[in-house]
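> give me a model of this one.
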Amino acid sequence: MLNETTRDFIRQHLDADVRQLALQGGRDPEVDLPLALEQIAGRQKARSKIPSWAAIDDILYPPHLSMEQCSSERTAQYKAEMAGEGGVFVDLTAGFGVDTAFIAKGFSKAVCVEQQERLSALSLENFLRLGLTHIQTVCGDGTEYLHTMPHAALIFIDPARRDEHGARTFGIADCTPNVLEMMDEMTEKADRIIIKLSPMLDWRKAVEDIGSGVSSVHIVSVDNECKELLIEVKSEERKVRSAVPSLRVICVNLLSDGREERFEFDAKAPLPTKTTCFAEFGGFLFEPNASIMKAGCFVQLSERFGISQLDSNSHLFVSDTDIEDFPGRRFVIDKVTSMNKRDLKEALTGISRANIAVRNFPMSVAELRKRLKLQDGGDVYIFATTVANQGHRLFVCRKKS
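The predicted structure is shown next:
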């Protein structure tokens with residue numbers, strides 16, 4: 001795929017600006033410049049997205065769009081942990097093969113199905129370079145392969161979330177392939193199915209659409225940006241068609257320093273009752289991470305940590321004591337003020353800049369910043385929100401490390 005002259009060019013320009021290289025044009029006719037630029041850009045992207053691959057010479061990279069769409073190493077590792085170990089694993093929509101490679105490490109045999117010929121060829125080359133010789137690559141349609149495949153321990157499927165016009169789609173039935181139409185056949189062909197969906201999707205609606213057999217839902221964020229919605233289906237439970245007594249929802253935020261914030265609850269358990277209360281001064285304020293915000297499990301969070309919501313629509317919490325293992329950001333509350341001019345002047349004395357966030361508040365960040373005459377940044381954090389029975393309030397805080 002790459003001649004030696006092109007390989008040498010890539011090695012010599014790994015840190016170069018790809019746009020500048022393109023403008024300079026090809027000086028050596030033996031160098032396949034378009035392919036070289038694609039590989040240089042891909043490896044530069046992989047340094048942050050798939051660092052273990054970027055550290056290996058001769059890993060081949062796909063065009064820009066496929067690099068943008070493929071999983072990051074952190075999310076692929078998470079899916080590998082979720083998948084566990086077993087006999088045969090089949091990825092019906094493999095793409096560039098990042099998820100396939102990480103999940104396959106726990107299985108004795110894996111099959112990577114991808115209908116785009118070039119992506120399939122790249123995957124085959126890369127699996128060999130990664131030492132994953134137990135992965136079989138199949139260039140073809142995953143739906144067609146499903147019809148004839150032998151039984152597997154696990155099927156993984158990541159349907160495309162764009163229609164024929166390139167527009168984004170978020171409903172399961174609007175994705176390609178239509179997973180809902182494949183569920184019964186996948187149930188017959190595998191013990192478990194893991195479905196990767198857009199984080200924009202309503203997970204409750206997705207569970208309802210899939211129907212029986214859903215055993216867990218994983219809402220995965222990376223550095224507080226929601227990335228993936230993963231739904232696990234157990235075939236035996238689906239075949240019985242009886243109501244599953246519990247549904248595990250796992251909210252996980254994978255942090256760049258290697259830590260992870262995790263919160264788990266049973267979506268079928270009765271909701272606890274937690275009254276909203278608020279101490280006027282002092283204490284701590286807590287902001288849930290993106291996965292918890294997506295899950296909407298605010299009552300469960302309140303009960304688990306003994307904290308109080310400021311309002312049912314504000315999704316900010318307060319407590320008299322700090323909670324070091326809270327899954328999100330923690331702040332020390334220095335002052336709480338109304339929007340009264342005199343109160344604002346007193347609360348903001350000595351503050352010239354602040355990080356501002358609004359939650360359940362009638363003004364945008366830009367409008368509020370203009371009103372308060374504060375520059376962006378600094379060590380002060382201001383949360384503008386609504387407090388139950390008290391109206392609009394500003395919380396002037398300092399972030400806990």
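> from here on, just use CA atoms for contacts and neighbour counts.
Fine.
> any low-confidence regions in the chain?
Applying pLDDT under 70 to the chain picks out residues 26, 162-170, 242-244, 272-282.
> show me how it divides into domains.
If you go by automatic domain parsing, the domain ranges for the chain are 4-61, 71-266, 284-399.
> okay if I get these as TSV plus mean neighbour count?
As requested, the domains of the chain are exported to TSV (neighbours: other CA atoms under 10 Å):
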stretch	mean neighbour count
domain 4-61	16
domain 71-266	18
domain 284-399	18
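> and Phe361, how far from Asn389?
14 Å (CA to CA, to the nearest Å).
> repeat for Gln69
When Gln69 is compared with Asn389 (using CA to CA), they lie 45 Å apart.
> now swap in Leu254 and tell me
According to CA to CA, Leu254 and Asn389 sit 36 Å apart.
> ok, Val98 next?
According to CA to CA, Val98 stands 50 Å off from Asn389.
> please apply the same query to Phe326.
Remark: distance between Phe326 and Asn389 (CA to CA) = 26 Å.
> same check on Gly328?
Distance of Gly328 to Asn389, given as CA to CA: 26 Å.
> secondary structure element holding the residue nearest to Asp32 when sequence neighbours are not counted?
Nearest residue to Asp32, sequence neighbours excluded (CA to CA, 6 or more residues apart in numbering): Thr6, at 5.9 Å. For Thr6, the host element (DSSP states H and E) is helix 4-12.
> CA atoms of that helix as CSV?
Taking Å, rounded to 0.1, in the frame of the first residue of the first chain, the C-alpha atoms of helix 4-12 are listed here in CSV:
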residue,chain,number,x,y,z
GLU,A,4,9.5,2.7,0.7
THR,A,5,10.0,6.2,-0.6
THR,A,6,6.6,7.3,0.6
ARG,A,7,7.2,5.6,4.0
ASP,A,8,10.5,7.6,4.4
PHE,A,9,8.7,10.8,3.5
ILE,A,10,6.1,10.1,6.2
ARG,A,11,8.7,9.4,8.8
GLN,A,12,10.6,12.6,8.0
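> any idea how far that helix is from the chain center?
On the basis of CA atoms, centre = their mean, to the nearest Å, helix 4-12 sits 35 Å off its chain's mean C-alpha point.
> what's the helix or strand just after that helix in contact with?
Under the assignment DSSP H and E, the closest C-terminal helix or strand after helix 4-12 is helix 18-24. Identification of contacts with helix 18-24 by CA atoms under 8 Å, 6 or more residues apart in numbering yields Leu33, Leu37, Ile40, Ala41.
> quick check: closest non-adjacent residue to the second one.
Here the nearest residue to Leu37 in space, its sequence neighbours aside, is Val18; by CA to CA, 6+ apart that works out to 6.2 Å.
> then the third one?
The spatial neighbour of Ile40 that comes closest, neighbours along the chain excluded (CA to CA, 6+ apart), is Leu14 at 5.6 Å.
> can I get the one helix or strand Thr137 maps to in PDB? Just the C-alpha atoms.
Assigned by DSSP H and E, Thr137 belongs to strand 135-139. Taking Å, rounded to 0.1, in the frame of the first residue of the first chain, the C-alpha atoms of strand 135-139 are listed here in PDB:
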ATOM      1  CA  ILE A 135      -9.200 -11.600  13.900                       C
ATOM      2  CA  GLN A 136     -10.700 -12.500  10.500                       C
ATOM      3  CA  THR A 137     -11.600  -9.600   8.300                       C
ATOM      4  CA  VAL A 138     -14.700  -9.800   6.000                       C
ATOM      5  CA  CYS A 139     -15.400  -7.100   3.400                       C
END
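> contacts made by it with the rest, please.
104, 109-117, 120, 123-124, 127.
> and those residues as JSON lines, adding distance to Gly84 and secondary structure?
Shown next, in JSON lines, are the contacts of strand 135-139 (distance: CA to CA, whole Å; DSSP: H, G, I helix; E, B strand; the rest coil):
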{"residue": "Ala104", "distance to Gly84": "10", "secondary structure": "helix"}
{"residue": "Lys109", "distance to Gly84": "13", "secondary structure": "strand"}
{"residue": "Ala110", "distance to Gly84": "13", "secondary structure": "strand"}
{"residue": "Val111", "distance to Gly84": "16", "secondary structure": "strand"}
{"residue": "Cys112", "distance to Gly84": "17", "secondary structure": "strand"}
{"residue": "Val113", "distance to Gly84": "20", "secondary structure": "strand"}
{"residue": "Glu114", "distance to Gly84": "23", "secondary structure": "strand"}
{"residue": "Gln115", "distance to Gly84": "26", "secondary structure": "coil"}
{"residue": "Gln116", "distance to Gly84": "28", "secondary structure": "coil"}
{"residue": "Glu117", "distance to Gly84": "29", "secondary structure": "helix"}
{"residue": "Ser120", "distance to Gly84": "24", "secondary structure": "helix"}
{"residue": "Ser123", "distance to Gly84": "22", "secondary structure": "helix"}
{"residue": "Leu124", "distance to Gly84": "23", "secondary structure": "helix"}
{"residue": "Phe127", "distance to Gly84": "19", "secondary structure": "helix"}
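> dump the residues you listed to CSV, plus distance to Glu181.
Shown next, in CSV, are these (distance: CA to CA, whole Å):
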residue, distance to Glu181
Ala104, 26
Lys109, 26
Ala110, 24
Val111, 22
Cys112, 21
Val113, 19
Glu114, 19
Gln115, 19
Gln116, 22
Glu117, 25
Ser120, 25
Ser123, 27
Leu124, 29
Phe127, 31
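> which stretches of the stretch 101-250 of the chain form helices?
Counting by DSSP state H, counting those that start in this stretch, the stretch 101-250 of the chain has helices at residues 117-129, 142-148, 179-189, 203-210, 235-240.
> reformat the ones you listed as CSV; add distance to Asn224.
Shown next, in CSV, are the helices of the stretch 101-250 of the chain (distance: least, CA to CA, whole Å):
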stretch, distance to Asn224
helix 117-129, 30
helix 142-148, 32
helix 179-189, 28
helix 203-210, 18
helix 235-240, 32
